[in-house]
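K.L.:
Predicted model and sequence follow; I will ask about them next.
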Amino acid sequence: MGSKGISILFPDGNAKFTRMTDSAFHDLGLDSICKELTSDAKERKYITGVISNMTADADTARFRQEVFADILDLSQLRKKITELFERLEFMKSFGSLAKKTEEKLGIWYLLHRLDELDDYIKCVEAMRECLSDERIRSRGLIRFREHINGIYEDSCFAQMRKDISELKLKASEIRSVTIGVNVNDRFEATSMGLISVNSKPFKKSGIVSNFADALSSKGGIKDDNEWNGEMRYHEIDRSQSGTPGAIFQKGMGFLAMQTTGAFVDAKVRQTIVNMPDDDGMNNSTFYFEKVMNKMLDTLVKRLSDTLSKYVDVAVINISRLIPEFTYYIRFAEFIEKYSEAGFAFCPAKAVSGSECSMNARSFYNLRLALSVENAGDIVFNDLKFDSEHTVYILTGANRGGKTTVTQAVGLLFALAQGGINVAAKSFEYVPVDCIYTHFPADEDKTIDLGRLGEECVRFKQLYADCTADSLLLLNESFSTTSFEEGYFIARDSVRAILKKRVRTIYNTHMHKLAADVEEMNEQTGGAKASSLVVKSDGGKRSFKVEVAAPEGMSYARDIAQKYGVTYEMLTSG
């Protein structure tokens, strides 16, 4: 995804990536976050691609986090780079480079493209200055700065600037062209050609005197076709139309006249183009261009070769990095916005080979920041994965925050591995190779197999795909059947997960499953499951989690008392 090996997202090409599924991306709420980042569909697609492609390589995560820190901290650098890339993107999208037709061969196209390439050169120079900021610390931006400096200091770039400067100077000197028109015995134009390219414009003169001078001076109609510069000029009224012959008859005094045949000079003959009948003045520029292209073949070829030689350096290579910079910039804008609103964020710390594979302190679900009005309403939690806590069986009251916590952990890993600051006060982790989710499916996806059948088929595939380096998030899995059936399937599934040592959060209403963790741990050995509970305070949801035995039916009793449906409350009075 980088520019010929230069990338600010990928430190090298050795890391192995696994793509998170679209359903997992949605289950984590990442689609909602991406919509908040940008309204541009193309940008969202690219950001989605970066976040979805995951690797367990800790150095990739650290590399990205370093770049993001620079982009986030150096707001003026971010602003300047944004402006430069907007200029590059505009020229790339709407300039000559966006065209794919044969008109690229025309002199007018090439002259216009010359101006564009000059702008690209200026962008490279501005970017070099921008990246000279001594506060840049990340390997990615330092590498990109060295790349830009290499381009700028290379003799090739110096030659490009020299060539472009000379070509622009030559092009800027053109102020007029002299065109010759051949006519037949009926005084009708049959062809026209380029006589000369001039550094001075023609000056306006009267139609009558211009035509009279052409016929009467120095013997009237000339015997040859050599241009001596004596004829005067009168502008064509572009509101008039007609054939070239008719235009000529109306006083086109800057044309050199021949009434007896074609031009004889070999060089001039190469510039002759036939003029179709009934062609109006609107297309005269087209014929001028054809004539000039033939006459200026050498200049056109040199200009075309020069632009083709340098376009890869000045345009394509740097433009390829625009999406990568945009990825960081959009997240930086997002983090700044919500930090100013009072939400806490921190840079994540990726580690390798640690016994503690996640230690999250005071974390929360970032998706909540999109919907709550007051950052003070956010509830923070602590959680870790280690050898004693590989699988969490999360139980608690309905709508007590189980799914919110499950989702929050997935967001921590997804954003941290993308290099982005996370919703926590501190977050240390061993990167995962991918995040797998098993959330309730839409009704229309369960028609053929039934809901339980669909859940079983989907879980079997997830289990086959995940590894000991993965993160598995289960949300009310196997709850669409009777308790006895669901418990039997869930218990075997947890035992299999423990054997594979996959970091897992399984939130469920099956309190018995959480109560049986010790027995399951004895059967599997090695990795261990723990009961994680969303605590309640006198029946009131706290949204706080802690490692503890499941509270079982006490939640149902609390809810019944809250709504007055205990036996005593129903039958009293």
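P.N.:
Now that the structure is in, tell me what you want to look at.

K.L.:
all strands in the stretch 301-450 of the chain, in order from the N-terminus.
P.N.:
Listed in chain order, the strands of the stretch 301-450 of the chain (DSSP state E, counting those that start in this stretch) span 349-350, 358-363, 381-385, 391-395, 426-429, 435-438.

K.L.:
So for the fifth one, mean pLDDT?
P.N.:
Confidence for strand 426-429, expressed as mean pLDDT, is 98.

K.L.:
what does the longest one give?
P.N.:
Over the span of strand 358-363, the pLDDT mean works out to 97.

K.L.:
So what are the sheet partners of it and their directions?
P.N.:
Sheet pairing of strand 358-363 (DSSP bridges) gives strand 381-385 (antiparallel), strand 426-429 (antiparallel).

K.L.:
ditto for the fourth one
P.N.:
Taking DSSP bridges as the criterion, strand 391-395 pairs within the sheet with strand 503-507 (parallel), strand 529-537 (parallel).

K.L.:
One more: the last one?
P.N.:
Sheet neighbours of strand 435-438, with direction, are listed as strand 471-475 (parallel) (DSSP bridges).

K.L.:
For the stretch 51-200 of the chain, which residues score under the pLDDT cut-off?
P.N.:
90-114, 116, 155-156, 167-174, 192-194, 197 (pLDDT under 70).

K.L.:
now the strands of the stretch 301-450 of the chain in a markdown table, with distance to A61?
P.N.:
Any C-beta I mention is one placed from the backbone N, CA and C, and that applies to glycine too. As requested, these are exported to a markdown table (distance: least, Cβ to Cβ, whole Å):
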| stretch | distance to A61 |
| --- | --- |
| strand 349-350 | 4 |
| strand 358-363 | 13 |
| strand 381-385 | 16 |
| strand 391-395 | 23 |
| strand 426-429 | 9 |
| strand 435-438 | 14 |
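
K.L.:
between the ones you listed, which one is nearest to E340?
P.N.:
Within these, the stretch nearest E340 is strand 358-363; the backing value is 19.0 Å (Cβ to Cβ).

K.L.:
for the closest one, which positions count as buried?
P.N.:
Within strand 358-363, the residues that count as buried by 16 or more other Cβ atoms under 10 Å are 358-360, 362-363.

K.L.:
Show me which residues of stretch 513-531 are buried.
P.N.:
By neighbour count with 16+ other Cβ under 10 Å, stretch 513-531 contains the buried residues 513-514, 516-517, 520-521, 524, 527-531.

K.L.:
from those residues, which single one is nearest V547?
P.N.:
Nearest to V547 among the buried residues of stretch 513-531 is S530, at 5.3 Å by Cβ to Cβ.

K.L.:
K500: neighbour count?
P.N.:
16 (other Cβ atoms under 10 Å).

K.L.:
err, D163, not the other one
P.N.:
D163 is flanked by 19 other residues according to other Cβ under 10 Å.

K.L.:
three-state assignment of it?
P.N.:
helix (DSSP: H, G, I helix; E, B strand; the rest coil).

K.L.:
hmm, back to that, of the strands of the stretch 301-450 of the chain, which is nearest Q407?
P.N.:
Closest among the strands of the stretch 301-450 of the chain, using Cβ to Cβ: strand 435-438, at 8.8 Å.

K.L.:
Please enumerate the helices of the stretch 301-450 of the chain.
P.N.:
317-319, 322-340, 402-417 (DSSP state H, counting those that start in this stretch).

K.L.:
could I get these as a markdown table with mean pLDDT?
P.N.:
Formatted as a markdown table, the helices of the stretch 301-450 of the chain follow (pLDDT from 0 to 100):
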| stretch | mean pLDDT |
| --- | --- |
| helix 317-319 | 73 |
| helix 322-340 | 96 |
| helix 402-417 | 96 |
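
K.L.:
would you list every one of the strands in the stretch 1-150 of the chain?
P.N.:
18-19, 53-54.

K.L.:
Export those strands as CSV, with columns for mean neighbour count and distance to L412.
P.N.:
Below are these laid out as CSV (neighbours: other Cβ atoms under 10 Å; distance: least, Cβ to Cβ, whole Å):
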stretch, mean neighbour count, distance to L412
strand 18-19, 16, 18
strand 53-54, 22, 13
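
K.L.:
Make a markdown table from those strands and add distance to V177 to it.
P.N.:
Converted to a markdown table, those look like this (distance: least, Cβ to Cβ, whole Å):
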| stretch | distance to V177 |
| --- | --- |
| strand 18-19 | 58 |
| strand 53-54 | 55 |
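
K.L.:
I'd like to know which of the ones you listed is closest to N374.
P.N.:
With Cβ to Cβ as the measure, strand 53-54 is the member of the strands of the stretch 1-150 of the chain nearest N374 (32.9 Å).

K.L.:
Mind giving me the packing neighbours of that closest one?
P.N.:
Strand 53-54 is packed against strand 18-19, with contacts defined by 3 or more Cβ pairs under 8 Å, 6 or more residues apart in numbering; DSSP states H and E.

K.L.:
could you give the mean pLDDT of the strand it packs on?
P.N.:
Taken as a whole, strand 18-19 has a mean pLDDT of 97.

K.L.:
Contacts for that strand next, please.
P.N.:
Residues from elsewhere that reach strand 18-19 (Cβ atoms under 8 Å, 6 or more residues apart in numbering): 52-55, 433-434.

K.L.:
Check stretch 528-547 too.
P.N.:
By Cβ under 8 Å, 6+ apart, the list of residues contacting stretch 528-547 from outside reads 379, 381, 383, 387-397, 399-402, 404-405, 494, 498, 505, 514-515, 517, 520-521, 548-551, 554-555, 558-559, 561-562.

K.L.:
wait, isn't T60 in contact with N14?
P.N.:
No: assessed by Cβ atoms under 8 Å, T60 is found out of contact with N14, at 9.4 Å.

K.L.:
who has more neighbours, the two?
P.N.:
Comparing T60 with N14 by other Cβ under 10 Å, the one with more neighbours is T60, at 23 against 10.

K.L.:
Could you single out the nearest of the buried residues of stretch 513-531 to S572?
P.N.:
A514 (33.9 Å).

K.L.:
other SSEs contacting the helix or strand where that closest one lies?
P.N.:
Element membership for A514, per DSSP states H and E: helix 511-515. Packing partners of helix 511-515 (3+ Cβ pairs under 8 Å, 6+ apart): strand 391-395, helix 483-500, strand 529-537.

K.L.:
Sketch out the low-pLDDT regions of the stretch 451-573 of the chain for me.
P.N.:
537-542, 552-563, 567, 573.

K.L.:
what's the answer for the stretch 201-350 of the chain, then?
P.N.:
In the stretch 201-350 of the chain, residues with pLDDT under 70: 203-317.
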